[in-house]
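*Asks:* please find the sequence and the predicted model below.
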Amino acid sequence: MKVSNVVRLLLLALLIVFIAAPQVFAPLFKPLAENDGPAIYTQTSLLSLTLSHLTLVALATLASTVLAVGLAILATRPFGAEFLPVSRAFANIGQTFPPVAVLALAVPIFGFGPTPTLIALFLYGLLPIFENALTGLTELPPNVSDAAKGAGMTEFQRLVQVELPLALPLILTGIRVSVVISISTATVGSTVAASTLGEVIIAGLLSNNSAFILQGGLVVAVLALLIHDGFVAIESAVLRRRLSSPQ
């Protein structure tokens, strides 16, 4: 087994132990807790915060993927080429307005809670998925497209059986970028009462407790790293399968 894989497994094991039984690590964080404050954040369990954090990211990424890939498919069809500028402009909305601004606009409409955070993550995740899906669908090998047409496939069959499978590695790359961005961005959701790991960081800032800040930051960073590596492994497997399959 490669050293890098051993390191990832060790990180995963440490993360699981930490979010399940954080008190085990209290001696390590105690020096960072000023004025004899608590070394471990216990107001809400780290496990529940982590699960809630990941659920928000997963739901937002799923919605972003469905819409972004749908827009890319529309823009690459002969009848939908004229919608490309509109699709790209819509996908750019999340990058135009930072998540904090989206939260500020969404809270008066939807109130406090997870909904404004979901909207912010959804909008912020559109662009990388859309651009990668668009690239994957527009840069298909001409001989593959010609062979599919020569085989008598309908446009829908070509899309489902040829174009999307060939574009899948690039689409997965876009999803990976979106997820990693959302993992860190979701922390701001705690400012509007969403249950995320940002709660631990905010509690540390308010109480001047560096131990809390480090705990929240480390869990978010390790989650982002492990999920990034997981997607890279999936992308590599999909690409190897595509290259090994007969054209």
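*Replies:* Ah, there it is. Residues are numbered from 1 along each chain as shown.
*Asks:* so for the lengthiest helix in the chain, what gets flagged as buried?
*Replies:* Of all the segments of type helix in the chain, defined by DSSP state H, the longest one is helix 210-244. Judged by neighbour count using 16 or more other C-beta atoms under 10 Å, the buried positions of helix 210-244 are 210-220, 222-227, 229, 231, 235. Any C-beta I mention is one placed from the backbone N, CA and C, and that applies to glycine too.
*Asks:* report the contact partners of His223.
*Replies:* For residue 223 the amino acid is Leu, not His. With contacts taken as C-beta atoms under 8 Å, 6 or more residues apart in numbering, Leu223 has the following neighbours: 15, 50, 53-54, 183.
*Asks:* looking at the residues you listed, spot the one nearest Tyr124.
*Replies:* If you rank the contacts of Leu223 by distance to Tyr124 using C-beta to C-beta, Ile183 comes first, at 11.5 Å.
*Asks:* tell me which residues touch Asn5, please.
*Replies:* Applying C-beta under 8 Å, 6+ apart as the definition, Asn5 turns out to have no contact partners.
*Asks:* and it, how far from Ile183?
*Replies:* 21 Å (C-beta to C-beta, to the nearest Å).
*Asks:* what helix or strand is the residue nearest to the spatial centre of the chain on?
*Replies:* If you average the C-alpha coordinates of the chain and look for the closest C-alpha using C-alpha atoms, centre = their mean, you land on Val179, 1.0 Å from that point. Following DSSP states H and E, the helix or strand that holds Val179 is helix 164-185.
*Asks:* what does that helix contact?
*Replies:* The set of residues that contact helix 164-185 without belonging to it, under C-beta under 8 Å, 6+ apart, is 53, 57, 60-61, 64-65, 68-69, 99, 120-121, 124-126, 128-133, 135-137, 140-141, 144, 220, 223-224, 227-228, 231-232, 234-235, 238-239, 242.
*Asks:* quick one: low-confidence parts of the chain?
*Replies:* When the per-residue scores of the chain are filtered using pLDDT under 70, the ranges that remain are 1, 3, 242-247.
*Asks:* strands of that one, start to end?
*Replies:* Assigned strands in the chain: none (criterion: DSSP state E).
*Asks:* which residues touch Gly196?
*Replies:* Actually, residue 196 is Thr. It isn't Gly. Applying C-beta under 8 Å, 6+ apart, one finds that Thr196 lies in contact with 49, 52-53, 56, 117, 186-187, 189-190.
*Asks:* what's the spacing between the residue lying farthest from the centre of the chain and Phe156?
*Replies:* Among residues of the chain, the one most distant from the C-alpha centroid is Gly150; the distance is 38.7 Å, by C-alpha atoms, centre = their mean. Relative to Phe156, Gly150 is positioned 17 Å away (criterion: C-beta to C-beta).
*Asks:* now do Ser52
*Replies:* As judged by C-beta to C-beta, Ser52 and Phe156 stand 39 Å apart.
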